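Enquirer: I need the structure of the sequence given here:
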Amino acid sequence: MEFKETKEKFIQSWGVLGSSWGINKTMAQIHALLLITPEVLSTEEIMKELHISRGNANMNIRALMDWGIVTKSFKVGERKDFFFADKDIWEVARKITRERSKREIEPVIKILKDLKDVKGNDIEINQFRETVSALEAFTSKLNSVIDKFAKSDEHWFYKKLLKLVK
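Expert: Okay, the predicted model is just below:
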């Protein structure tokens, strides 16, 4: 396979995978392009490469910057903004994990904590309270594991993972 074809396939595949991570296809495609490009790219270059509008490019670049996986850069003598993606895949995974936890798991934990405080003392209410408490405990433990991963370095994580597998 030629490089151009391989590059396009990678960008398209990353876009499809992005939906599984909770981000839209274009956002993931921009990330993929910046991830595999050695130099910084302007918004215009991203638009041209991916055949997307300026509004779509700007909105998704801003979102990638909010996630902490794309950074704005400047070139001396240029008025345009340029962008690059962190190439350290471990760091990218940690940032995505941290952001997904903040957006998806922490709100669930908050809701479950609120629901535990239901008033009453009959069989149905007690069962509800028990189930919600078990869900909250599980979700909190899961969030704790995710937090440890997000704060860990690569060697610590693999060492712990190998202990689990053995």
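Enquirer: farthest residue from the center of the protein?
Expert: D122 (42.2 Å; CA atoms, centre = their mean).
Enquirer: Number of residues surrounding A93?
Expert: Residues near A93, counting by other CB atoms under 10 Å, number 15. Any C-beta I mention is one placed from the backbone N, CA and C, and that applies to glycine too.
Enquirer: now V118
Expert: Using other CB under 10 Å, V118 has 12 neighbouring residues.
Enquirer: Ok, G15 next?
Expert: G15, neighbours per other CB under 10 Å, totals 21.
Enquirer: Confirm it sits in a helix?
Expert: Yes: looking at G15 with DSSP: H, G, I helix; E, B strand; the rest coil, it is inside a helix.
Enquirer: wouldn't it be in contact with I23 here?
Expert: No: G15 is not in contact with I23 according to CB atoms under 8 Å; the separation is 9.4 Å.
Enquirer: Helices along this structure, start to end?
Expert: Remark: helices assigned in the chain by DSSP state H are 3-20, 25-36, 43-50, 54-67, 89-100, 106-116, 123-151, 154-165.
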